[in-house]
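Visitor: have a look at this prediction, sequence included:
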Amino acid sequence: MTHIGRHPCDEALIRSAGAASECSGATRRWVLVAAVIGSSMAFVDGTVVNVALPAIQRELDASAFDMQWVVESYALFLAALLLVGGALGDRFGRRRIFIAGVALFAAASLGCALSRDVAQLVATRAVQGIGGALLVPGSLALISASFPEDERGSAIGTWSGFSGIAASLGPLVGGFLVDRYSWHWAFVLNIPLAAAALAIAWRHLPESRNPEAPARLDWSGAALATAGLSGIVFAFIEAPHRGWRSTEVLVALVAGVLSIALFIVVEKRSASPMFPLTLFRSRNFSGANLLTLLLYAALGGGLYFFPLDLIQVHGYSATAAGAALLPFIGLMFVLSRWAGKLVDRFGSKLPLVIGPAIAAAGFALFALPGLDGSYWTTYFPAVAVLGLGMTTSVAPLTTTVMNALSQDVAGTASGVNNAVSRVASLLAIAVFGSVMAWRFGTGLDERLAAANTPPDVTAFVQQQRDKLAGAGPPPAADAAVASAVKQAVGASFVDGFRWVMLLCAALALASAASAWVLIEGRSASGAGNRAPG
């Protein structure tokens, strides 16, 4: 009889990374199911929260900057600790760290659901990010350790496909829960998923670790990365209402930049860095990560504001806003195999130039709609074009990252690229938030003056300007004044949204240019271009 919490192929996997063949087919299936469920929690949470933000802002009477912190506190710790989470699994056991990550994520999700003010919600979201940093790299590491090489690609493909489906259904299900019940239920959604993942992991998953993993973890690098990103994000989120000359903002910005500089120095000198700078000696790896930084900054920053625009300006329900991106997800799911074949036929360079250029056109289309029009004639074309551009980009980008270096550092290379994509989104939301606040404030001042709104109404609205599209007229305002204020607020948010989307288009074009300059041609997908790492 197998003892609960212990598995027959534990010892083999602990002794050797090449012992995956000793695990039975049933064990591998359980590993795959647990990995899909666990990683889906993080993917779903990242997409569900965006459609819940307007309801959270309304119920907690929060500012737009508070809502940025709800997203950024999670993204900050996930991005900063992702590589440490992978190293912890290698050192102490991937199953153990995966279980710890799922349990922590579930506990934090419950804390989010029970939050009664913004401070509580931001704090529990930060804990969620730490849990995500443990479970996300652990899910893939479990697959890599349990499946032999000839089955690993298929298993990772299955994991990717089902995780994509979960990510696409997340906003739809989350939006329904927000509309039908409340925003609290968007976080409760994680609890049954976590319970299933924990039950499977405890009963069926084997333990594995890397016997050659460094005994000492790069805690100094993790601390500096967290401090650096925290300072920069704080500066850009808080500057619109504290002012760029604020002592707190300036100190945070300087401390953040200095911490990032020191992080680079520490990683360069460390014997076992969490972010190995030597990997960037490969031209393809450097080019792929620069492209990732630019393209995923555009994607993460732009799609943060899209649900806010749909719900607060255009009056969409949370469910409808969640469904608005289904064409994007559908295109990626249906055409991902086709996109993968592009690399075999043309190499990586051409798709990585064309794909981001198409995505840039999609972002530009988001800047066209005004306050009126149906989804099918306003945002559907933009969503579809963006989806086609990202589909053309993702598979060649992944292939370039994995093939740029020798296979003995492929896991590290993938982790670094994943961390870069998370950092890109984290920084973009902070920077774009400052752009949105500036353009919204300027437009609101102009429109309220042009509408000749009464001074007391103007003062009331100005006091709410940090709510952006969540601002509104005084409760006692007559219908004509209330309509003028609503029009001014909506049009001002659209102004800011257009600026954000045009910046996203510029970033996507810059990512295409980086591929043109740095990614090598047809042979970039072949082993001949691999650097030793």
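Guide: Everything's here; your move.
Visitor: what stretches of the stretch 251-400 of the chain score poorly on pLDDT?
Guide: Residues of the stretch 251-400 of the chain meeting the criterion pLDDT under 70: none.
Visitor: what comes up buried for the host helix or strand of residue 134?
Guide: Following DSSP states H and E, the helix or strand that holds residue 134 is helix 118-146. For helix 118-146, a neighbour-count test (16 or more other Cβ atoms under 10 Å) marks 118, 121-146 as buried. From N, CA and C alone the C-beta is placed, and that goes for glycine too.
Visitor: so for it, what's the average pLDDT?
Guide: What helix 118-146 shows for mean pLDDT is 89.
Visitor: now the closest residue to residue 493 other than its chain neighbours: how far from residue 387?
Guide: Once flanking residues are discounted, residue 493 sits nearest to residue 469: 4.1 Å by Cβ to Cβ, 6 or more residues apart in numbering. When distance is defined by Cβ to Cβ, to the nearest Å, residue 469 is 25 Å away from residue 387.
Visitor: the helix holding residue 134: how far from the chain's middle?
Guide: Taking Cα atoms, centre = their mean, to the nearest Å, one finds the center of helix 118-146 at 12 Å from the center of the full chain.
Visitor: what packs against the helix or strand following it?
Guide: The C-terminal neighbour of helix 118-146 among helices and strands, as given by DSSP H and E, is helix 149-180. Packed against helix 149-180, as judged by 3 or more Cβ pairs under 8 Å, 6 or more residues apart in numbering; DSSP states H and E, are the following elements: helix 25-60, helix 118-146, helix 184-188, helix 318-323, helix 326-346.
Visitor: show me the contacts for the residue nearest to residue 493.
Guide: Residue 469 makes contact with 308-309, 312-313, 489-490, 493 under the criterion Cβ atoms under 8 Å, 6 or more residues apart in numbering.
Visitor: what about it, which SS state?
Guide: Under DSSP: H, G, I helix; E, B strand; the rest coil, residue 469 falls in the helix class.
Visitor: distance of it from residue 432?
Guide: 14 Å.
Visitor: ditto for residue 394
Guide: To residue 432, residue 394 is 22 Å away according to Cβ to Cβ.
Visitor: looking at those two now, which is surrounded by more residues?
Guide: Using other Cβ atoms under 10 Å, the more surrounded residue of residue 394 and residue 432 is residue 432, with 26 against 18.
Visitor: nearest spatial neighbour of that one, skipping sequence neighbours?
Guide: Using Cβ to Cβ, 6+ apart and skipping residues adjacent in sequence, the residue nearest residue 432 is residue 301, 4.3 Å away.
Visitor: for stretch 142-151, measure first residue to last.
Guide: End-to-end distance of stretch 142-151: 13 Å, with Cα to Cα, to the nearest Å as the criterion.
Visitor: so residue 360 makes contact with residue 503?
Guide: No. Using Cβ atoms under 8 Å, residue 360 is not in contact with residue 503; the gap is 10.9 Å.
Visitor: neighbour-wise, which of these two wins?
Guide: Neighbours were counted for residue 360 and for residue 503 using other Cβ under 10 Å; residue 360 has more, 25 against 20.
Visitor: could you export the strand or helix carrying the more buried one as PDB, CA atoms only?
Guide: Taking DSSP H and E as the criterion, residue 360 maps to helix 349-366. The C-alpha trace of helix 349-366 is given here as PDB (Å, rounded to 0.1, in the frame of the first residue of the first chain):
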ATOM      1  CA  LYS A 349      12.800  36.400 -37.400                       C
ATOM      2  CA  LEU A 350      10.000  36.900 -40.000                       C
ATOM      3  CA  PRO A 351       7.100  35.900 -37.700                       C
ATOM      4  CA  LEU A 352       8.600  38.000 -34.900                       C
ATOM      5  CA  VAL A 353       8.600  41.000 -37.100                       C
ATOM      6  CA  ILE A 354       5.200  40.500 -38.700                       C
ATOM      7  CA  GLY A 355       3.400  39.400 -35.600                       C
ATOM      8  CA  PRO A 356       4.100  42.400 -33.400                       C
ATOM      9  CA  ALA A 357       3.500  44.700 -36.400                       C
ATOM     10  CA  ILE A 358       0.000  43.200 -36.700                       C
ATOM     11  CA  ALA A 359      -0.500  43.600 -32.900                       C
ATOM     12  CA  ALA A 360       0.500  47.300 -33.300                       C
ATOM     13  CA  ALA A 361      -2.300  47.700 -35.800                       C
ATOM     14  CA  GLY A 362      -4.700  46.100 -33.400                       C
ATOM     15  CA  PHE A 363      -3.700  48.500 -30.600                       C
ATOM     16  CA  ALA A 364      -4.100  51.400 -33.000                       C
ATOM     17  CA  LEU A 365      -7.700  50.200 -33.800                       C
ATOM     18  CA  PHE A 366      -8.500  50.400 -30.100                       C
END
